[in-house]
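Novice: below are the sequence and a predicted model for it; my questions follow.
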Amino acid sequence: MKLLVGIPAFNKPKSIKKSIQSLLNQTCKTFDILISDDSDPEVATVIAAHIESLKTDRIKYIKNNPKLGLFPNMSFLWEEADDNNYDFFMWLCDDDEIMDKYFIEDAMKIFDRHNNCAVVGYKCDRFLNDEFWYSYKDISTLKLGKIKRLNLMLQAWREDANQFETMQYGIHKMALCPKNFTIGYRKSIITFFITIAFKSSIHTIGRCRSKKNTDEEHLKRYKKKKEGINEHHYDQPLFFKYLHGGIFVRVRILYNAAIHGGLLLLPYIAVRLFR
């Protein structure tokens with residue numbers, strides 16, 4: 001097993017210490033950690049000093065100059081895993097913690113038992129001001145056929161696209177994940193996991209939990225959604241929001257269906273997407 005855990009860092013010197021410690025507490029020790037830091041110079045100095053104090057060669061630290069930005073930084077970490085022939089990859093945000101010390105060990109057991117499993121995630125708990133807020137649903141497609149896997153993914157997308165964070169921050173088996181994957185806005189995550197559903201399965205270990213802290217941007221979108229307003233991650237006129245966040249995602253899914261699922265699935269998936 002060759003696993004890389006990538007941490008995209010930005011100006012959170014206190015919380016990243018907890019993130020790193022939650023990884024070092026894992027019972028499985030055979031993985032590497034790569035921190036790609038977009039922090040301001042004074043904050044980066046604090047983070048680098050903390051990593052040095054841990055005295056471990058399992059952590060590699062990179063200070064980005066100029067800054068990459070969140071999504072390019074996450075893509076960079078993914079590409080580092082791919083370029084260096086890691087078998088598995090996982091993101092961990094610099095304000096998140098894995099609460100179960102057995103997660104990586106248990107995830108690897110699932111990969112061993114299910115050769116067709118592409119991603120193993122954990123129960124994702126959202127916290128607001130250090131108090132529990134809500135949890136995402138568990139998602140598992142183990143032992144399901146292609147049609148049932150697609151149904152479950154499309155249903156999860158319609159209910160709450162944020163559910164995919166349970167899998168996004170799980171452990172990815174590189175050989176079964178889409179190549180040349182570039183993370184971006186929510187549309188990229190959705191098409192990524194629906195593409196996986198054409199050929200592979202995913203699984204959530206319900207008893208393994210993670211703590212994801214909520215920023216004001218996420219809270220704002222959540223409140224808008226509760227009010228029935230579909231707000232995206234970027235500022236655009238309403239027409240372009242619908243075009244980019246609705247039709248564009250559906251076209252991408254149909255394109256992936258033609259490539260990975262076969263032309264026979266296109267009518268079925270089109271009906272599910274546009275009904």
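Specialist: On my side now, so go ahead.
Novice: what segments of the stretch 1-150 of the chain are helices?
Specialist: 13-24, 41-54, 70-83, 103-113, 146-159 (DSSP state H, counting those that start in this stretch).
Novice: between the ones you listed, which gets nearest to Ile62?
Specialist: Comparing the helices of the stretch 1-150 of the chain by their distance to Ile62 (C-beta to C-beta), the top pick is helix 70-83, with 8.8 Å. Just so you know, the C-beta spots here come from the backbone N, C-alpha and C atoms, and that holds for glycine as well.
Novice: buried residues, the closest one. List them.
Specialist: 72-78, 80-82 (16 or more other C-beta atoms under 10 Å).
Novice: from those, pick the one nearest Ile110.
Specialist: Closest to Ile110, out of all of these and judged by C-beta to C-beta, is Ala81, at 19.2 Å.
Novice: the closest one and Phe132, how far apart?
Specialist: 31 Å (C-beta to C-beta, to the nearest Å).
Novice: repeat that for Asp100.
Specialist: Counting by C-beta to C-beta - Asp100 and Phe132 are separated by 16 Å.
Novice: neighbour count: those two, which is higher?
Specialist: More crowded of Asp100 and Phe132, by other C-beta atoms under 10 Å: Asp100, with 19 against 10.
Novice: look up how far Trp157 lies from the spatially closest residue to Cys177 that is not a sequence neighbour.
Specialist: Distance criterion C-beta to C-beta, 6 or more residues apart in numbering; nearest residue to Cys177, sequence neighbours excluded, is Ala118 at 5.8 Å. With distances taken as C-beta to C-beta, Ala118 is found 17 Å from Trp157.
Novice: check Gly206 too.
Specialist: For Gly206 relative to Trp157 (C-beta to C-beta), the value is 20 Å.
Novice: quick one, which of these two is more surrounded?
Specialist: Trp157 (20 against 14).
Novice: now do the contacts for that one.
Specialist: 164, 190, 194 (C-beta atoms under 8 Å, 6 or more residues apart in numbering).
Novice: how about the strands in the stretch 101-250 of the chain?
Specialist: 117-128, 131-135, 171-173, 201-213 (DSSP state E, counting those that start in this stretch).
Novice: what lines up beside the third one in the sheet?
Specialist: This points to strand 171-173. strand 88-91 (antiparallel), strand 117-128 (antiparallel) (DSSP bridges).
Novice: least confident secondary structure element in this protein?
Specialist: One helix or strand of the chain scores below all others by mean pLDDT, DSSP states H and E: helix 238-242, with a mean of 38.
Novice: show me where pLDDT drops low in the stretch 1-150 of the chain?
Specialist: Along the stretch 1-150 of the chain, no part satisfies pLDDT under 70.
Novice: neighbours around Asp95, how many?
Specialist: 19.
Novice: and it, how close does it get to Ile16?
Specialist: 7 Å.
Novice: same question, Tyr86
Specialist: In terms of C-beta to C-beta, Tyr86 sits 21 Å off from Ile16.
Novice: buried stuff in stretch 18-33?
Specialist: Quick answer for stretch 18-33 (16+ other C-beta under 10 Å): 19-20, 22-23, 26, 28, 31-33.
Novice: what's the most distant pair in these?
Specialist: Ser19 and Cys28, at 16.6 Å, using C-beta to C-beta across the buried residues of stretch 18-33.
Novice: looks like Asp87 contacts Met1 (just checking).
Specialist: Yes. Counting by C-beta atoms under 8 Å, Asp87 touches Met1, with 6.1 Å between them.
Novice: let me see the domain layout of this protein.
Specialist: 1-95, 99-230 (automatic domain parsing).
Novice: next one: the last one to chain centre, how far?
Specialist: Pointing back at domain 99-230 there. Distance, stretch centre to chain centre, for domain 99-230: 7 Å (C-alpha atoms, centre = their mean, to the nearest Å).
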